[in-house]
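Chemist: Okay, sequence plus prediction incoming.
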Amino acid sequence: MYQPHEFTLTEDGYRGPAPSWRPGGLSLWLVDTDRSAGAVRRLAPGVLDDSELARVEKLAFPPDRDCYRAAHVALRMLLGALQGVAPRAVRLTREPCPTCDGPHGRPATGGGVHFSLSHTRGTALLAFAGTPVGVDVERVPEARIVAEISGQLHPAEAEELAALPEAERPAAFARVWTRKEAYLKGQGVGLAGGLHREHVGTGPRPLGPPDWDVTDVAVPAGYAAAVAVGTAGRAPAHGHDRRK
């Protein structure tokens with residue numbers, strides 16, 4: 001399980017280290033979006049671009065606006081620190097979709113850096129690597145959600161969930177969902193790729209698809225998270241790998 005770094009804002013911005021990793025590794029950052037909400041509201045107009053600010057205004061509920069702002073401010077600050085530019089100057093684009101060639105594939109930026117972002121109310125998770133990467137964080141769902149959606153998973157995963165005591169199913173479902181979504185985001189297809197694809201498992205240890213390393217991420221109680229990083233042509237991770 002990966003232990004992420006904690007992203008902390010000061011009154012005038014971010015003054016911590018830039019993301020860094022050795023060949024075969026990655027850098028993960030966790031954002032407490034509730035705790036940083038006040039600082040982010042002040043900083044966002046000078047950090048986010050016009051399209052991001054417009055997206056904030058379209059969100060109906062204040063907690064969702066705070067979460068989006070915090071996640072995207074953190075992303076721009078960390079990428080700016082990595083690239084040596086002002087956060088607002090970071091150029092964000094989209095790669096072509098690998099299935100339809102549309103402009104909605106993996107998010108991208110310059111300098112050979114791959115990154116991924118996920119957020120849900122209260123927390124956000126960011127991943128940076130030298131190879132394609134996907135990350136997902138979710139709240140552990142209610143039992144009724146598990147019952148409604150588990151049939152869409154890989155048949156082996158649905159069977160694993162059904163074999164568990166009912167009280168254990170929400171946590172197991174959250175594990176498999178975040179693993180699956182992190183993998184699909186890393187591929188650049190997202191959930192459109194289908195939850196039935198690939199068997200990543202519901203148990204304590206993920207099952208990685210070929211050419212991908214899928215790992216759970218340590219997050220606060222009530223959440224689950226995972227990261228998937230491409231391994232094709234990649235050297236193995238070294239000493240400062242933050243997996244426990």
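Modeler: That came through fine.
Chemist: So the residue nearest the centre of the chain, which state does it fall into?
Modeler: In the chain, the C-alpha nearest the mean C-alpha coordinate belongs to residue 135, at 2.8 Å (C-alpha atoms, centre = their mean). Here residue 135 is recorded as strand under DSSP: H, G, I helix; E, B strand; the rest coil.
Chemist: Just the local confidence number for it, please.
Modeler: In this model, residue 135 is scored at 97, pLDDT.
Chemist: what comes up buried for stretch 90-106?
Modeler: Neighbour counts using 16 or more other C-beta atoms under 10 Å place 90, 92, 97, 105-106 of stretch 90-106 among the buried residues. No exception for glycine: its C-beta is placed from N, CA and C like everyone else's.
Chemist: farthest pair in these?
Modeler: 90 and 97 (22.3 Å; C-beta to C-beta).
Chemist: Now do the phi/psi pair for the nearest residue to residue 21 once chain neighbours are set aside.
Modeler: Take residue 21 and drop its neighbours on the chain: the residue closest to it by C-beta to C-beta, 6 or more residues apart in numbering is residue 27, 4.8 Å away. Note on residue 27: its backbone torsions stand at phi -130, psi 120 [degrees, to the nearest 10].
Chemist: Now do the contacts for residue 27.
Modeler: By C-beta atoms under 8 Å, 6 or more residues apart in numbering, the contact set of residue 27 is 5, 19-21, 127-129.
Chemist: Quick check: next helix or strand after the helix or strand residue 54 falls within?
Modeler: For residue 54, the host element (DSSP states H and E) is helix 50-58. Of the helices and strands lying after helix 50-58 in sequence (DSSP H and E), the nearest is helix 62-83.
Chemist: Could you name the helices and strands sitting against that following helix?
Modeler: strand 26-32, helix 37-47, helix 50-58, strand 114-120, strand 123-129 (3 or more C-beta pairs under 8 Å, 6 or more residues apart in numbering; DSSP states H and E).
Chemist: Just put the buried residues of stretch 90-106 in TSV and tack on distance to residue 56 and pLDDT.
Modeler: Formatted as TSV, these follow (distance: C-beta to C-beta, whole Å; pLDDT from 0 to 100):
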residue	distance to residue 56	pLDDT
90	17	95
92	15	93
97	25	77
105	24	76
106	22	83
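Chemist: Quick check: which ranges of the protein have low pLDDT?
Modeler: Applying pLDDT under 70 to the chain flags residues 192-193, 233-244.
Chemist: what about the closest residue to residue 83 other than its chain neighbours, how many neighbours?
Modeler: Among residues not flanking residue 83 along the chain, residue 111 sits closest, at 5.6 Å (C-beta to C-beta, 6+ apart). Residue 111: 10 surrounding residues under other C-beta atoms under 10 Å.
Chemist: Could you look up the SS state of residue 111?
Modeler: Classification of residue 111 by three-state DSSP places it in coil.
Chemist: same thing with residue 91?
Modeler: Strictly by three-state DSSP, residue 91 counts as coil.
Chemist: With residue 166 as the reference, measure out to it.
Modeler: Here the criterion is C-beta to C-beta, to the nearest Å. By it, residue 91 lies 48 Å from residue 166.
Chemist: Of the helices and strands packed on helix 62-83, which stretch is the most buried?
Modeler: Stretch with highest mean neighbour count among these: strand 123-129 (a mean of 26; mean count of other C-beta atoms under 10 Å).
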